[in-house]
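A.B. asks: Could you look at this predicted model? Sequence included:
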Amino acid sequence: MKRNSRNLYLLLLSGIVLFNSACAQQPPFTGKAYVQEERSVEQATVLLNNENKVVPLQSLETTKVASIRFSNLYATAFDSLLNKYTRVPSFNGNDYMGVKSLDMLAMDTKFYKTLVVQVNDVDLTNPQIVSFISTNQKMKNMVIAYWGNGSSLAKLNDITAPIIWSARVTPVSALYVAQVVFGGQPITQLLTKTFTPKYKAGSGFITAKIRLAYTVPEDAGINADNLKAIDDIAREAISERATPGCVVLVAKDGKVIFNKAYGFHTYDNLQPDKITDIFDVASMTKVSATTMEVMQLFDQGKLNLDSTAGTYLSSTRKTNKADLTVREILEHQAGLIPDIQTFGKIKPADHMADSSAAYPTKVNNRYFLRKGYFEDVMWPDVLRSPVKTRGQYVYSDVGLIMTQQIVETLTATPLNVAVQKDFYTPLGMQTAGFLPLYRFPLDRIIPTENDQTDRHDLLDGYVHDPTAALMGGVAGHAGLFATANDIAILYQMMLSRGLYGGVQYIKPETVDLFTAKQSAVSRRGIGFDRWDPIADRHYPSKLASDQTYGHTGYTGTCIWVDPKYNLVYVFLSNRVNPTVGSKLGSLNIRPRIQDAIYEAIQKGM
């Protein structure tokens with residue numbers, strides 16, 4: 001993302017719109033003024049030619065989208081917001097007006113199923129642009145984003161592709177229309193006057209909001225100034241060396257109203273944190289990957305919570321794990337030990353500095369584990385591990401490793417592949433997944449510990465958790481990496497009781513079941529951590545409601561969903577860099593930021 005575009009969103013979502021140099025002469029919209037302009041834009045925006053319900057765009061897992069701009073002043077903002085929903089490369093149509101031609105633009109976009117074409121009244125006086133739209137709509141899904149006074153609708157009379165027309169030409173209009181494309185904002189208006197026999201008064205299509213919106217705090221009834229306490233707490237965390245940096249995201253009422261990065265990747269202060277950075281979310285993997293798959297299998301009738309490990313895993317049937325139920329395991333009440341031995345058990349012959357057919361499992365740089373190590377050593381260790389205090393709460397990674405094996409057996413698919421296919425890709429989560437170095441450059445990934453004991457390297461792009469590392473980076477309890485925006489998408493789906501983007505990923509009653517308090521001996525749900533009824537603990541924060549659910553991560557992360565306040569709170573950090581520290585916890589950084597959010601909600605406007 002370009003620097004000006006990134007700044008736009010950092011400041012926009014804190015309540016200030018910063019325009020790039022191309023539109024610096026325009027007055028910025030902030031706070032209530034932004035909301036007022038957004039309402040005006042909503043009243044001035046209509047959707048035409050949407051008989052086939054192309055808008056909002058669906059099926060993000062199969063729809064490759066590209067954006068084409070010509071002379072739209074606010075194209076950078078428009079394109080950047082499109083990229084909140086899925087990856088949308090941008091093409092400058094003006095580059096094809098000289099030596100090249102728009103025929104070459106068609107060639108360069110041939111691998112994209114959907115083209116979003118930005119035009120204004122000036123663009124539509126150019127017959128080449130109108131011809132490009134007319135020709136390519138026959139071969140592609142196309143969405144026309146048109147800003148102008150409406151007179152140019154006559155030039156689009158023969159166009160059958162959906163047209164999103166806004167009569168307001170402002171930065172806010174650019175942001176609004178981009179969200180309409182993906183259903184982050186609705187279309188509520190019909191044409192009020194007739195422009196052609198086709199585009200006549202009363203015509204148009206209404207759409208619903210089906211995905212996250214991106215706006216200012218005032219749009220959710222919160223004064224942006226009241227969220228400045230987040231800045232103070234985050235900066236305290238960095239100055240006290242509780243973490244080199246962090247990202248905070250707040251979504252209220254289905255709207256991302258705050259998303260800000262603080263500090264740097266490491267304490268050398270060379271690379272600032274960005275809201276697009278990818279973090280190792282550690283034990284958030286338990287709910288964000290494994291439990292998601294469990295809920296879907298439960299919905300499909302393939303998994304019964306009261307069936308035993310022996311039902312699904314033949315290797316457990318002659319062990320003390322045979323009669324442990326899935327429900328007990330996910331509630332951390334199966335009597336399992338917290339973890340198994342990891343690097344301390346590795347023998348010299350178990351690993352090499354270079355990969356080969358005999359040593360295929362990459363643990364990190366210059367560390368490759370022998371083939372079959374998990375099956376030969378780690379899984380037998382799980383099976384031989386004691387069952388000690390069944391019926392009591394003992395937090396256990398071993399249980400989620402077992403759950404991973406159940407999920408992979410029932411889906412016949414590795415966990416990382418299954419959750420990518422079932423959730424992350426169709427939801428539009430562009431970075432979430434395991435093994436990030438296979439997909440992203442190193443400078444986008446936040447480093448964790450400088451491990452001088454076992455791996456003798458800075459862990460950057462490789463999972464911090466040692467058990468997950470020896471499992472090749474894919475484990476039921478750890479290994480997931482993601483941006484804050486991706487986490488927000490996943491948990492907005494949960495907050496909407498399994499519904500997002502018009503797709504029901506999990507049944508509402510299943511979401512309710514798994515996130516509700518289940519046990520008389522702990523606060524836990526099924527897989528999910530929850531609000532603690534012991535008041536003195538103030539967990540996850542002193543102001544959270546008793547409906548709150550989510551999870552924390554050892555690397556310094558958390559996700560909390562509070563249905564009472566229609567709230568999603570994401571905090572991502574790397575408090576384990578360069579070595580594991582406790583200050584993030586002792587300073588109560590995560591709960592204090594969460595409290596600051598509730599206090600801002602309570603103060604209102």
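C.D. replies: In hand now; what should we look at? Numbers count the residues shown, from 1 in each chain.
A.B. asks: Every contact and neighbour count from this point should use C-alpha atoms.
C.D. replies: OK.
A.B. asks: contact partners of stretch 170-184?
C.D. replies: By C-alpha atoms under 8 Å, 6 or more residues apart in numbering, the residues outside stretch 170-184 that reach it are 19, 29, 34, 37-38, 41-42, 55-58, 74-75, 77-79, 81-82, 85, 143, 145, 164, 166, 185-187, 207-214, 501.
A.B. asks: next one: it to chain centre, how far?
C.D. replies: Centroid separation for stretch 170-184 versus its chain: 19 Å, with C-alpha atoms, centre = their mean, to the nearest Å.
A.B. asks: Point me to the residue sitting closest to the centre of the chain.
C.D. replies: Against the mean C-alpha coordinate of the chain, by C-alpha atoms, centre = their mean, the closest residue is residue 486 at 0.7 Å.
A.B. asks: related to what we said a few turns ago, the contacts of stretch 170-184 in helices, which ones?
C.D. replies: Taking DSSP state H, the ones among the contacts of stretch 170-184 that sit in helices are 34, 37-38, 41-42, 75, 77-79, 81-82.
A.B. asks: Can you tell me which of these are buried?
C.D. replies: Among those, those classed as buried by neighbour count (16 or more other C-alpha atoms under 10 Å) are 34, 37-38, 41-42, 75, 77-79, 81-82.
A.B. asks: Can you lay out those residues as JSON lines showing pLDDT and distance to residue 575?
C.D. replies: JSON lines is the format used below for those (pLDDT from 0 to 100; distance: C-alpha to C-alpha, whole Å):
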{"residue": "34", "pLDDT": "95", "distance to residue 575": "36"}
{"residue": "37", "pLDDT": "96", "distance to residue 575": "40"}
{"residue": "38", "pLDDT": "97", "distance to residue 575": "38"}
{"residue": "41", "pLDDT": "98", "distance to residue 575": "42"}
{"residue": "42", "pLDDT": "98", "distance to residue 575": "42"}
{"residue": "75", "pLDDT": "97", "distance to residue 575": "37"}
{"residue": "77", "pLDDT": "95", "distance to residue 575": "33"}
{"residue": "78", "pLDDT": "97", "distance to residue 575": "34"}
{"residue": "79", "pLDDT": "97", "distance to residue 575": "33"}
{"residue": "81", "pLDDT": "97", "distance to residue 575": "30"}
{"residue": "82", "pLDDT": "97", "distance to residue 575": "32"}
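A.B. asks: now the helices for the stretch 401-550 of the chain?
C.D. replies: Counting by DSSP state H, counting those that start in this stretch, the stretch 401-550 of the chain has these helices, from start to end: 415-419, 425-427, 466-470, 484-495, 508-515.
A.B. asks: If I look at the residue of the chain most remote from its centre, what pLDDT would I see?
C.D. replies: With distances taken from the mean C-alpha point of the chain and given as C-alpha atoms, centre = their mean, the most distant residue is residue 197, at 43.6 Å. Per-residue confidence (pLDDT) for residue 197: 94.
A.B. asks: contacting residues around it?
C.D. replies: Residues touching residue 197, when contacts are defined by C-alpha under 8 Å, 6+ apart, are absent altogether.
A.B. asks: again, only this time at 10 Å
C.D. replies: The contact partners of residue 197, taken as C-alpha atoms under 10 Å, 6 or more residues apart in numbering, are 154, 157.
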